[in-house]
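Asks: my questions concern the predicted model and sequence given below.
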Amino acid sequence: MKQLLARPQMLADAKKQSQGRHLALEILLFCAVFFVSQSVISIPVALATVVWLFTSEDVMNALTSSLETGNMAAYMEQIEDLASNMPDFLLLVQLFSTALTTVLVILFCRFIEKRTPSTMGLTRHGLLREYGIGTLIGIALIAACVGICALSGSIRLKAQSFPIVIWILYLLGFLIQGMSEEVMCRGYMMVSVSRRYSLVLAVLTNSVAFGLLHIFNPGFGPLPLLNIVLFGILESVYVLKRGDLWGACAIHSIWNFMQGNVFGISVSGMGISASPLVAAADPSTAWLNGGAFGLEGGVAVTAVLAVAILLMLFLLPNKNVAKEAPSDTNTIDLPPAVI
């Protein structure tokens, strides 16, 4: 009987270092850690936003117009429109600020959870190799989604000029942002839940939480939620298969960067202009290309992620498997073939 998923050593070590809690308590703690991290991140983001509000010519023109007409409702609508297309420096501040999430979660796991970084998948061995493999997988995944939409005529791509320095900063920013969400959801939450519960529950719990973290993104809805949950499942399976977090960090970061800063498509509702390509989406096929939310709001992503999850489950070997004998809650088995 072939094991589709086996408990990697990082999860076994986490269970040895600290005992798991009741699921409800794990969820409440995750919410608390997320709230604290977002509160800390909001400080530099708020400062950058204030600078933008008082230095942006468009914002000041909108304010002057509203004061002259007395129509503050129109002013707020204009501000919301401007916020959906924020300047590069403000988006970059948001991306780089997520480094604080990574630091806070690692500190929480180390001093409250009593877990070492290696139990979060942050190992030294094979870092560059795993990150390189994850990068290639991330490129292949987003290219497949874009290819489906482009070949079907759902989106059209055209070249444009772009600022190379800002583009490089976006790459660095997404490397930080992708890692922060993987550390939070996979390195922390999935591993913590797995200490007491099955791998299936650990995967589903962190993936649903990951999807709900995007609930306030512009254009969020049922299909974007499904796709983001599927992406969380894919990342969870990959972490369990490889036995560390580095490849998943790379997949996540490259998925976002390629989508926004290579193909010029909105990333979970966030529009980005610094890209060598810009995508024009056909509104009549928003069900496929995702419309204003970006590819993650369309069924092209649903199909690609579903296939990718199955391929990972059946084709990727289990690495760094825990040395102790697996129990029923530690594995997912493939039923024997009928001959």
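Replies: Received, thanks.
Asks: quick one, strands of the stretch 151-300 of the chain?
Replies: Per DSSP state E, counting those that start in this stretch, the stretch 151-300 of the chain carries strands over the ranges 155-159, 277-281.
Asks: how about a markdown table for these, with distance to residue 292 added?
Replies: Heads up, the C-betas are built off the backbone N, CA and C, glycines and all. Below are these laid out as a markdown table (distance: least, Cβ to Cβ, whole Å):
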| stretch | distance to residue 292 |
| --- | --- |
| strand 155-159 | 13 |
| strand 277-281 | 8 |
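Asks: now do stretch 18-34, average pLDDT.
Replies: For stretch 18-34, the mean per-residue pLDDT is 96.
Asks: sort out which residues of it are buried, please.
Replies: Using 16 or more other Cβ atoms under 10 Å as the test for burial, stretch 18-34 gives 20-21, 26-27, 29-30, 33-34.
Asks: got a markdown table for those, with secondary structure and distance to residue 244 too?
Replies: Output for the buried residues of stretch 18-34, formatted as a markdown table (DSSP: H, G, I helix; E, B strand; the rest coil; distance: Cβ to Cβ, whole Å):
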| residue | secondary structure | distance to residue 244 |
| --- | --- | --- |
| 20 | coil | 21 |
| 21 | coil | 24 |
| 26 | helix | 22 |
| 27 | helix | 25 |
| 29 | helix | 23 |
| 30 | helix | 21 |
| 33 | helix | 21 |
| 34 | helix | 23 |
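Asks: re earlier: and the strands of the stretch 151-300 of the chain, which is most packed in?
Replies: strand 277-281 (a mean of 17; mean count of other Cβ atoms under 10 Å).
Asks: just checking, what packs against that one?
Replies: strand 155-159 (3 or more Cβ pairs under 8 Å, 6 or more residues apart in numbering; DSSP states H and E).
Asks: strand partners (parallel or antiparallel) of the strand it packs on?
Replies: strand 277-281 (antiparallel) (DSSP bridges).
Asks: output the strand it pairs with as PDB - backbone C-alpha positions only.
Replies: Output of strand 277-281 as PDB, limited to C-alpha atoms (Å, rounded to 0.1, in the frame of the first residue of the first chain):
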ATOM      1  CA  LEU A 277       3.400  42.900 -19.900                       C
ATOM      2  CA  VAL A 278      -0.100  44.100 -19.200                       C
ATOM      3  CA  ALA A 279      -3.200  41.800 -19.500                       C
ATOM      4  CA  ALA A 280      -6.500  43.000 -20.900                       C
ATOM      5  CA  ALA A 281      -9.200  40.700 -19.600                       C
END
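Asks: surely residue 287 touches residue 300?
Replies: No: taking contacts as Cβ atoms under 8 Å, residue 287 lies outside contact range of residue 300: 9.4 Å.
Asks: more neighbours: the two, which one.
Replies: Legend: neighbour count by other Cβ atoms under 10 Å for residue 287 and residue 300, higher for residue 300 (26 against 13).
Asks: residue contacts, that one?
Replies: Residues near residue 300 by Cβ atoms under 8 Å, 6 or more residues apart in numbering: 145, 148-149, 154, 288-290.
Asks: returning to what we had before: closest one to residue 109 among the strands of the stretch 151-300 of the chain?
Replies: strand 277-281 (38.4 Å; Cβ to Cβ).
Asks: for residue 184, grab the count of nearby residues.
Replies: So residue 184, with other Cβ under 10 Å, has 26 neighbours.
Asks: and it, what does it touch?
Replies: For residue 184, the contact set (Cβ under 8 Å, 6+ apart) comprises 33-34, 37, 101-102, 105.
Asks: swap in 10 Å and give it another go.
Replies: Taking Cβ atoms under 10 Å, 6 or more residues apart in numbering as the criterion, residue 184 is in contact with 30, 33-34, 37, 98, 101-102, 104-105, 108, 120, 190, 206, 209-210, 213.
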